[in-house]
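Trainee: the following block contains a protein sequence and its predicted model.
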Amino acid sequence: MTRLFGCTCNEPHRVAQALEPVRSSLVAQGPISRWGLGYVQSGEVLLRRHPRATDRVDFYESVSALQSDYVIGFASPEDGLTGNINTQPFRFRHWLFAGEGEMDSFEDEVQPRLLEHIPHFLARNISGKTSAEHVFHLFLAQLYEAGCLDDPNVALADVRRALRDTLALLYSLMSEADLSRGPGNLVVTNSRAMFALRLDHPILVRGFKHPERRRSDHRHFRAVLAMSTSDEPGEGFEEIPPNSVLTISRELKTEIHNLGT
């Protein structure tokens, strides 16, 4: 039951071909309250949001109509929230983000304190009530403090550090409020690299290579899929360890780092 995934492909017009071998894994079974896709096309960050409830989402069918090198998809279970403003993924400039899990008592206990750590120019971009959108903007605030929010070539290590700092601050606020249920898995991209954090159930990663008959034609056609799911991993998938972050570079090289390092 896929609800959150991220995919990168070095040939945007062939993203559907890249994912075709695992198309059955890209189906989210309901009940689903709302779902969406965020993707990068010709350098522009775009969203397709579907705020209405459904019993099933075939993400492969939706992705097959795209020409994109970075795609994030998310389907939300029932959480009492509605509308486009609460439908993931979320975007800010060249960043895209989606995260699982709504935190207990977030609006009453954590949100007011969290907003104190987000600059006004970022906070005013928050339009919904999900904890995921607030966590996204707390992450953007960490990038801003480090002076790399708008750097298109930000170092991968700096993004990982911002993610770690975001979680450290968030867990501190949760501890002060005596809350134990934190955020779930999340995926984020800056349109140059992609990051997937495993904070809950497994995140699976698989690479794809598609050699052509003619060696000179598309011999470097590749893609990487990161998928958050409770299903058993299929052939070719690797499970990343708990409390770790998967980094997929612009060259589609993958690295796995413990969140504490």
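Mentor: Yes, it's here. Treat the numbers as computed from the prediction; the structure is a model and nothing was measured.

Trainee: which helix runs longest in the protein?
Mentor: In the chain, taking DSSP state H as the definition, the longest helix is helix 156-176.

Trainee: and that helix, how far out from the chain's middle?
Mentor: 16 Å (CA atoms, centre = their mean, to the nearest Å).

Trainee: please name every helix or strand in contact with the very next helix or strand once past that helix.
Mentor: Note on helix 156-176: by DSSP states H and E, the next helix or strand toward the C-terminus is strand 186-189. The contact analysis (3 or more CB pairs under 8 Å, 6 or more residues apart in numbering; DSSP states H and E) places strand 186-189 against strand 4-9, strand 70-76, strand 95-99, helix 131-145, strand 194-198. Bear in mind the C-beta positions are built from the backbone N, C-alpha and C, glycine included.

Trainee: please repeat the previous calculation with a cut-off of 6 Å.
Mentor: strand 95-99, strand 194-198 (3 or more CB pairs under 6 Å, 6 or more residues apart in numbering; DSSP states H and E).

Trainee: quick check: closest non-adjacent residue to residue 15.
Mentor: Leaving aside its chain neighbours, residue 15 sits nearest to residue 9 (4.4 Å; criterion: CB to CB, 6 or more residues apart in numbering).

Trainee: who does that neighbour form a beta bridge with?
Mentor: residue 223 (DSSP bridges).

Trainee: all helices for the stretch 1-150 of the chain, in order.
Mentor: 15-19, 59-63, 111-115, 120-123, 131-145 (DSSP state H, counting those that start in this stretch).

Trainee: determine which stretch of these is the most buried.
Mentor: Stretch with highest mean neighbour count among the helices of the stretch 1-150 of the chain: helix 131-145 (a mean of 23; mean count of other CB atoms under 10 Å).

Trainee: contact partners of that helix?
Mentor: 90, 92, 97, 99, 102-103, 106, 114, 118, 122, 126, 149, 162, 165-166, 183 (CB atoms under 6 Å, 6 or more residues apart in numbering).

Trainee: which of the residues you listed has the largest number of neighbours?
Mentor: Highest neighbour count within those, by other CB atoms under 10 Å: residue 90, with 29 neighbours.

Trainee: so how far is stretch 96-107 from its chain's centroid?
Mentor: Distance, centroid of stretch 96-107 to centroid of chain: 12 Å (CA atoms, centre = their mean).

Trainee: now stretch 89-109
Mentor: 10 Å.

Trainee: enumerate every residue touching the residue nearest to residue 15.
Mentor: 15, 18, 69, 223.

Trainee: can you pull out the low-pLDDT segments for the stretch 101-250 of the chain?
Mentor: Within the stretch 101-250 of the chain, the ranges that satisfy pLDDT under 70 run 211-219.

Trainee: try it again with 90
Mentor: 101-110, 152, 175-183, 209-221, 229-235 (pLDDT under 90).
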